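# generate coordinates for the sequence data below:
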Amino acid sequence: MGRRRNQVTRGKTRAADRRATRRHCLFTTDEGGKLEQTFWYTLGFNANKHGIEIHCAVLMSTHGHVVYSDPRAVDPLFRRDFHRDFANCVKSIRGWPEEVFNKSRGGNVEQLSPKAIHESIAYAIANPPKAFAVRYAKDLPGAKELPGDVGRRVIRVKRPDRYFDPNTPRWLEYVEFEIIMPGCLEAKYGGDEARRLITARVKELEQEALAESKVRGIPFKGARRVTRTPHRARARSYEVFGKVNPRFSAAGDLELARNKIAEDRQFDADYDAALARWTAGDRRVRFPHGTWWMRVHHGARCRPPP
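Purely as a prediction, here's the structure:
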C-alpha cells in the first residue's frame with residue numbers, strides 16, 4: 001500500500017482527535033480546572049493564529065476531539081502548534097517526563113457533506129456517554145461543548161500559569177474565540193435547525209450508550225469518579241490492533257464517497273508522477289493542487305485549483 005497523502009486545500013472541514021501516550025489518563029480534568037484552562041487557551045490561541053474556525057471541542061481523559069474548518073489551508077501548521085503547546089503545558093502540570101501524545105497517526109477525517117459535519121459534531125459531544133464516562137454529555141466535567149453552544153458560545157480564557165512565560169509578548173494574557181456554526185450547515189438548515197439536528201443526534205447516541213451499558217454490564221463512572229481518575233491510570237477498553245483511521249466521512253452518501261476515492265487516487269497518481277520527476281532532478285515539475293509537504297518545505301510548484 002502506498003503512503004497516505006492528505007490534500008490540504010482551503011475551506012475543508014475536519015474532525016480530528018489525538019490520543020495520550022499508551023492511553024494514559026493525562027487529560028483528566030483536575031479539581032482546579034488547569035487542564036480545561038490549558039485546552040481552551042492553546043486551542044483558541046492557535047485557532048486565532050492560523051485563522052481556524054472551531055465548531056466543536058471536547059476533552060476526554062485520554063484524548064480530545066476537535067471539529068474545525070480551515071479557510072487558509074494551513075491545517076498541518078495548526079495541528080502542529082496546538083498539539084505542541086498543549087503537550088508542553090500538560091507536561092508541566094503533570095510533571096510528566098516523556099511524550100504526551102501517542103506517536104501513531106491521529107485521526108483527521110475530512111467531512112464531505114453537511115450531514116457528515118453535524119454527525120461529527122454530535123459524535124464528539126456524545127463521546128463521554130459512549131465511553132461510559134458520564135450518563136449525559138452535559139455532565140462531563142472540564143472542557144466540553146453542548147449542541148446549544150454551536151454558533152453561539154464565545155470562550156474567553158486566561159493564560160495558564162504553567163509553561164507560558166508572561167514576559168513573552170506573544171503569549172497573550174487572555175484568549176477569546178467563538179464556537180462557529182459551520183457555513184454549510186447555516187446555509188442548508190439555518191442555525192436553529194442545525195442545532196436541533198445536532199441535539200437530536202446527541203440524544204440518540206446517549207440512548208445507545210445507555211442500552212450498551214445495560215447489555216454489557218458496564219456502569220457509567222460519573223463526574224466525581226472521572227475527576228478523581230489518576231493521570232497515570234490507563235484506559236482498559238478493548239481495541240482492535242492495527243485499526244486504520246478513515247480519511248473522510250460521507251455519512252452514508254455512496255456516490256460522494258466514490259467520487260472522493262477517485263479524486264484521492266488521481267491525486268496520489270499525479271503526486272507520485274511529479275515526485276519521480278523531482279527526484280530525477282526536474283525542478284520545474286508541478287505537483288497537484290493541495291500538495292503540502294513538497295510545496296512548504298521544498299519550494300515545489302503546484303498546479304492551480306481546478
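# switch to C-alpha atoms for all contacts and neighbour counts from now on
Will do.
# so which bits of whichever helix or strand residue 202 is part of are buried?
For residue 202, the element it lies in under DSSP states H and E is helix 191-216. Neighbour counts over helix 191-216 (16 or more other C-alpha atoms under 10 Å) mark 191, 194-195, 197-199, 201-202, 205-207, 209-210, 213 as buried.
# same question, stretch 85-103
For stretch 85-103, by 16+ other C-alpha under 10 Å, it's 85-91, 93, 96, 100-101.
# and that stretch, average pLDDT?
In this model, stretch 85-103 has a mean pLDDT of 94.
# dump the C-alpha coordinates for that stretch into CSV.
C-alpha atoms of stretch 85-103 as CSV (Å, rounded to 0.1, in the frame of the first residue of the first chain):
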residue,chain,number,x,y,z
ASP,A,85,1.7,23.9,23.1
PHE,A,86,-0.9,21.7,24.8
ALA,A,87,1.5,18.8,25.3
ASN,A,88,4.2,21.1,26.8
CYS,A,89,1.8,22.6,29.3
VAL,A,90,0.4,19.2,30.3
LYS,A,91,3.9,18.0,31.0
SER,A,92,4.5,21.0,33.3
ILE,A,93,1.1,20.5,35.1
ARG,A,94,1.5,16.7,35.5
GLY,A,95,5.3,16.6,36.0
TRP,A,96,5.3,14.2,33.0
PRO,A,97,8.8,13.4,31.9
GLU,A,98,8.2,11.9,28.4
GLU,A,99,6.0,12.2,25.4
VAL,A,100,2.4,13.3,25.9
PHE,A,101,0.7,12.1,22.7
ASN,A,102,0.7,8.7,21.1
LYS,A,103,3.3,8.6,18.3
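# can you give me the pLDDT of the residue nearest to residue 81 when sequence neighbours are not counted?
Among residues not flanking residue 81 along the chain, residue 46 sits closest, at 6.7 Å (C-alpha to C-alpha, 6 or more residues apart in numbering). In this prediction, residue 46 carries a pLDDT score of 98.
# can you tell me the SS state at residue 46?
Of the three states, residue 46 takes helix according to DSSP: H, G, I helix; E, B strand; the rest coil.
# neighbours around residue 160, how many?
By other C-alpha atoms under 10 Å, 23 other residues sit near residue 160.
# show the contacting residues for it.
Residues near residue 160 by C-alpha atoms under 8 Å, 6 or more residues apart in numbering: 34, 37-38, 41.
# now, the most widely separated pair of these?
Greatest spatial distance in these: 34 and 41, 10.4 Å, computed using C-alpha to C-alpha.
# so which of the two has more stuff around it?
Taking neighbours as other C-alpha under 10 Å, residue 34 and residue 41 compare with residue 41 leading, 28 against 18.
# how about the CA coordinates for the helix or strand containing the more buried one, as PDB?
Here residue 41 sits within helix 34-50, counting by DSSP H and E. Extracted C-alpha coordinates of helix 34-50, given in PDB (Å, rounded to 0.1, in the frame of the first residue of the first chain):
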ATOM      1  CA  LYS A  34      -5.900  23.700  35.000                       C
ATOM      2  CA  LEU A  35      -6.300  21.100  32.200                       C
ATOM      3  CA  GLU A  36      -9.600  22.700  31.000                       C
ATOM      4  CA  GLN A  37      -7.900  26.100  31.000                       C
ATOM      5  CA  THR A  38      -4.900  24.800  29.100                       C
ATOM      6  CA  PHE A  39      -7.000  23.100  26.500                       C
ATOM      7  CA  TRP A  40      -9.100  26.100  25.800                       C
ATOM      8  CA  TYR A  41      -6.200  28.500  25.800                       C
ATOM      9  CA  THR A  42      -3.900  26.500  23.500                       C
ATOM     10  CA  LEU A  43      -6.800  25.700  21.100                       C
ATOM     11  CA  GLY A  44      -8.100  29.300  21.000                       C
ATOM     12  CA  PHE A  45      -4.600  30.800  20.700                       C
ATOM     13  CA  ASN A  46      -3.600  28.600  17.700                       C
ATOM     14  CA  ALA A  47      -7.000  28.800  16.100                       C
ATOM     15  CA  ASN A  48      -6.800  32.600  16.100                       C
ATOM     16  CA  LYS A  49      -3.100  32.500  15.000                       C
ATOM     17  CA  HIS A  50      -3.900  30.300  11.900                       C
END
